[in-house]
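>>> Let's see this in three dimensions:
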Amino acid sequence: MKRRKVDREKIERADRESRLVLDAERQAREAKTARLREQRLKKAAEILLAELKRPGDVESP
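Below is the predicted model:
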């Protein structure tokens, strides 16, 4: 029975390439998450500021 030849260089090259793709996808996800978090915080700050500036909503002491 013949033993199968393993092309280690091919496997290593495929591993490197897949790692590059996975890293790029992870970076894209993290950038999107950061962007959405920033948008959410900005919107929350705008809402809070609008509530504070609304006239006639002064609490009684």
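>>> can you tell me how far residue 32 sits from residue 10?
Distance of residue 32 to residue 10, given as CB to CB, to the nearest Å: 33 Å. Glycine gets a C-beta too; all of them are placed from N, C-alpha and C.
>>> and what of residue 46?
Using CB to CB, we find residue 46 at a distance of 54 Å from residue 10.
>>> Show me the residue sitting in the middle of the chain in space.
In the chain, the residue lying closest to the centroid (CA atoms, centre = their mean) is residue 30, at 2.2 Å.
>>> Can you give the distance of stretch 44-53 from its chain's centre?
26 Å (CA atoms, centre = their mean, to the nearest Å).
>>> what about residue 51, how many residues close to it?
By the criterion of other CB atoms under 10 Å, residue 51 has 9 neighbours.
>>> again, but for the one 4 residues further on
A count of nearby residues for residue 55, using other CB under 10 Å, gives 5.
>>> With residue 32 instead?
By the measure other CB under 10 Å, the count of residues near residue 32 is 10.
>>> average pLDDT for the host helix or strand of it?
For residue 32, the host element (DSSP states H and E) is helix 8-53. Mean pLDDT, helix 8-53: 96.
>>> how many other residues sit next to residue 38?
Neighbours of residue 38 using other CB under 10 Å come to 10.
>>> That one and residue 21, how far apart?
26 Å.
>>> quick one: pLDDT of residue 58?
pLDDT at residue 58 comes out at 55.
>>> can you list the residues that contact stretch 20-28?
Outside stretch 20-28, not one residue touches it by CB atoms under 8 Å, 6 or more residues apart in numbering.
>>> show me the contacts for residue 8.
Residue 8 is in contact with no residue at all, counting by CB under 8 Å, 6+ apart.
>>> and the gap between it and residue 15?
With the distance defined as CB to CB, residue 8 ends up 10 Å from residue 15.
>>> repeat for residue 38
When distance is defined by CB to CB, residue 38 is 35 Å away from residue 15.
>>> ditto for residue 39
Shown here: residue 39 relative to residue 15, a distance of 36 Å by CB to CB.
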